[in-house]
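>>> Pasting a predicted model and its sequence here:
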Amino acid sequence: ATGSVEFTNLRIDKAGLGYYLRFYINSTGVQLSSLSATFDVLNTAPLFPKIMKEYSLPLSNRADFPFAVQPRVLAFDDFGNPVIVDTLQGRTISVRLTTQDG
């Protein structure tokens, strides 16, 4: 025995800042613990867009005028974490107008 343990499947799916790991050892009634240095978990590449549901577009809009309520779109990574649009370098978010007939 070398006195070390290697973990092979630790995983964090939620992006965030200031994570740390706390390790515990219980041996013959004595509990020892050790704290890792803090680290950040960053988003993965965006996977899917989602239209915000907190607004509702008016049923009718005047031609040649901006919508009274503008839609908002969020991008999420593989694990459902929101991706900050400013980090989408070299990517474009666009919209296409279609009718019910397609």
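Everything's here; your move.
>>> pLDDT averaged over stretch 9-23, what's the number?
Taken as a whole, stretch 9-23 has an average pLDDT of 88.
>>> now that stretch: how far from the chain's centre is it?
14 Å (C-alpha atoms, centre = their mean, to the nearest Å).
>>> So which bits of that stretch are buried?
Under the neighbour-count criterion of 16 or more other C-beta atoms under 10 Å, stretch 9-23 has residue 15 buried. C-beta coordinates here come from the backbone N, C-alpha and C atoms, glycine included.
>>> Please list all residues in contact with the nearest residue to residue 15 once chain neighbours are set aside.
Distance criterion C-beta to C-beta, 6 or more residues apart in numbering; nearest residue to residue 15, sequence neighbours excluded, is residue 81 at 4.2 Å. Residue 81 makes contact with 13-15, 43-44, according to C-beta atoms under 8 Å, 6 or more residues apart in numbering.
>>> Any chance of the backbone angles for the residue nearest in space to the middle of the chain?
The centre of the chain sits closest to residue 81, judged by C-alpha atoms, centre = their mean, with a distance of 1.5 Å. Note on residue 81: backbone dihedrals following degrees, to the nearest 10 are phi -80, psi 130.
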